[in-house]
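Enquirer: what shape does this take:
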Amino acid sequence: MIRSPFRPAALAALLTLGLAACAPPADDAMTNAEAAAEIEAQEARDAELEAARKAEAEAKEAAEKAEAARREAEARAARAAAAPPPPPPVCQDCGTVSAIQPVQAKGEGSGLGAAAGAVLGGVIGHQFGGGSGQKAATAAGAIGGALAGNEVEKRMKGSTYYAVTVNMDNGSVRTVNVADATGLAIGGKVRVVGDNLQPR
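Expert: I've put the predicted structure just below:
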């Protein structure tokens, strides 16, 4: 049997000293806790800083979008102000006179001119020839006189009107017959009112 050179009391004291040597000092334990707390605090500060940076970036982006929208609105307003006004609507009854042509209209024969012409033609035809030739000349003179008399009567009862050609503002061309062309001239501006023309 081997006996230990240490007594039980001394052995207990040695064990206590060994355990104390292995345990971390109280100051070191506090230092570790403080370090952990400092790490947590730093992480919190970093998170706050990152959130602030993100918020700042979002605010900057929103401001840039608002500025771009404002500039676009100003550009649209400037374009609208610079655009020429729409042309006035085309007058469908307005135009420019391009030609004025007088036209002689024949009147209606009443038969009096033909009768008078026949009598006169017969008298003149009767002066020619003799016998059956004289009769033929008289008949021919009467027919010719009737025709001539009728034509003379028509001309005497005839009237003059004016065919006015108008280049309309809408691109068409119209011809308007008027009894009086007073106040109308080629190149003049007119308005078609029914079957008449009004200078404008």
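Enquirer: can you give me the strands in this structure?
Expert: For the chain, applying DSSP state E gives strands covering 94-105, 159-168, 173-178, 189-193, 196-199.
Enquirer: need those strands in CSV (columns: distance to Arg45 and mean neighbour count).
Expert: Any C-beta I mention is one placed from the backbone N, CA and C, and that applies to glycine too. CSV is the format used below for those (distance: least, Cβ to Cβ, whole Å; neighbours: other Cβ atoms under 10 Å):
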stretch, distance to Arg45, mean neighbour count
strand 94-105, 83, 14
strand 159-168, 84, 16
strand 173-178, 89, 14
strand 189-193, 85, 16
strand 196-199, 91, 16
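Enquirer: now distance to Ala83 too, for those strands, in TSV please.
Expert: Shown next, in TSV, are the strands of the chain (distance: least, Cβ to Cβ, whole Å):
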stretch	distance to Ala83
strand 94-105	26
strand 159-168	29
strand 173-178	33
strand 189-193	29
strand 196-199	35
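Enquirer: would you turn those into a markdown table with mean pLDDT and distance to Thr31?
Expert: Below are the strands of the chain laid out as a markdown table (pLDDT from 0 to 100; distance: least, Cβ to Cβ, whole Å):
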| stretch | mean pLDDT | distance to Thr31 |
| --- | --- | --- |
| strand 94-105 | 89 | 103 |
| strand 159-168 | 88 | 105 |
| strand 173-178 | 92 | 109 |
| strand 189-193 | 92 | 106 |
| strand 196-199 | 88 | 111 |
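Enquirer: tell me which of these sits nearest to Glu67.
Expert: Closest of the strands of the chain to Glu67 is strand 94-105, at 50.7 Å (criterion: Cβ to Cβ).
Enquirer: report all helices and strands that that closest one contacts.
Expert: With contacts taken as 3 or more Cβ pairs under 8 Å, 6 or more residues apart in numbering; DSSP states H and E, strand 94-105 sits against strand 159-168, strand 173-178, strand 189-193.
Enquirer: go again using 10 Å as the cut-off
Expert: Using 3 or more Cβ pairs under 10 Å, 6 or more residues apart in numbering; DSSP states H and E as the contact test, the elements touching strand 94-105 are strand 159-168, strand 173-178, strand 189-193, strand 196-199.
Enquirer: cool, thanks, signing off.
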